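Novice: I'll drop the sequence and a predicted model, then ask my questions.
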Amino acid sequence: DTGVSQNPRHKITKRGQNVTFRCDPISEHNRLYWYRQTLGQGPEFLTYFQNEAQLEKSRLLSDRFSAERPKGSFSTLEIQRTEQGDSAMYLCASSSPDREPYEQYFGPGTRLTVT
Amino acid sequence: GDSVTQMEGPVTLSEEAFLTINCTYTATGYPSLFWYVQYPGEGLQLLLKATKADDKGSNKGFEATYRKETTSFHLEKGSVQVSDSAVYFCALSARNTNAGKSTFGDGTTLTVKP
């Protein structure tokens, strides 16, 4: 059990550029979640996968955001035409099919700064 | 929709002091409740949980009791240590869904001084 990993840990980009983040969940965890956390606030749910199927998306996930989990293992979150308001910590979490869905293991996050 | 309200921080205590961080929630149905801890530079870790009324979750000397009548889940520890310095998040997960997505409070920063 190596934990949830996220890459990169930090990303600085200019407004209007596209960025992509990667999340590698714990092996054999079938559920994967993306959250966004802005300074001074708690994480906010963005989207959820069960295996490769994206089953739920928050209204926070605008058309500029897209997430994939093509083989039911790692996931990517892409933000197109970044805006300064996208600056935040993007958290990934996963949970096991053998445990309750809410027992989520979080990665260290990717901190995005849009200048 | 669902929401979680936490006691505002930051909280600064001396070592061995008693800790209480208040948490109240609003939810449709009957949620499961959690406390997460985030140490500097690390990801969120599940600290404890409770899944039904009057359940007491406990871990590492921390405890919280699921109070349905007051919709609360206050975190307590009898004697804090410097190593408990972290950000604490109260959260809930609706039980009427298989998704498991969680709703978090805004976090309370705890600093324990020697």
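Specialist: Perfect, I can see it now.

Novice: for chain B, give the residue positioned nearest to chain A.
Specialist: B:Gly100 (2.4 Å; CB to the nearest CB). Any C-beta I mention is one placed from the backbone N, CA and C, and that applies to glycine too.

Novice: three-state assignment of the residue located most distally from the centre of chain A?
Specialist: Relative to the C-alpha centroid of chain A, counting by CA atoms, centre = their mean, A:Asp98 is the outermost residue, at 21.9 Å. Following DSSP: H, G, I helix; E, B strand; the rest coil, A:Asp98 is assigned to coil.

Novice: where in the chain is pLDDT low?
Specialist: Here I'm looking at chain A. Residues of chain A that meet the criterion pLDDT under 70 lie in A:1.

Novice: please refer instead to chain B.
Specialist: Residue ranges of chain B with pLDDT under 70: B:95-99.

Novice: can you tell me the centre-most residue of it?
Specialist: For chain B, the residue nearest the mean C-alpha position is B:Trp35 (3.1 Å; CA atoms, centre = their mean).

Novice: hmm, back to that, skipping adjacent residues, who's closest to the residue of chain B closest to chain A in space?
Specialist: Spatial nearest neighbour of B:Gly100, chain neighbours left out: A:Pro101 (2.4 Å); criterion: CB to CB, 6 or more residues apart in numbering or on different chains.

Novice: now do the strands in the chain.
Specialist: Went with chain A since none was named. A:5-7, A:10-13, A:19-24, A:31-37, A:44-50, A:53-57, A:65-68, A:75-79, A:88-95, A:105-106, A:110-114 (DSSP state E).

Novice: actually chain B
Specialist: Using DSSP E, strands in chain B cover B:3-6, B:11-14, B:19-21, B:23-26, B:32-38, B:45-50, B:56-59, B:62-65, B:75-77, B:86-93, B:102-104, B:108-113.

Novice: quick one: closest of those to A:Arg111.
Specialist: In terms of CB to CB, the element of the strands of chain B nearest to A:Arg111 is strand B:32-38, at 13.4 Å.

Novice: is chain A within reach of the closest one?
Specialist: Yes: contact of strand B:32-38 with chain A (CB under 8 Å from any CB of the partner chain) involves B:Ser32, B:Phe34, B:Tyr36.

Novice: reformat those residues as CSV; add distance to A:Pro25 and neighbour count.
Specialist: CSV is the format used below for the residues of strand B:32-38 next to chain A (distance: CB to CB, whole Å; neighbours: other CB atoms under 10 Å in any protein chain shown):
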residue, distance to A:Pro25, neighbour count
B:Ser32, 21, 23
B:Phe34, 19, 27
B:Tyr36, 18, 25
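
Novice: picking that back up, test my guess that the residue nearest to B:Gly100 contacts A:Arg31.
Specialist: Yes: with contacts counted by CB atoms under 8 Å, A:Pro101 reaches A:Arg31, the gap being 5.9 Å.

Novice: and for those two, which residues touch both?
Specialist: Taking CB atoms under 8 Å, 6 or more residues apart in numbering or on different chains as the criterion, A:Pro101 and A:Arg31 both touch A:Ser95, B:Gly100.

Novice: for A:Asp86, what are its contacts?
Specialist: Taking CB under 8 Å, 6+ apart, we find A:Asp86 in contact with A:Ile79, A:Leu112, A:Val114.
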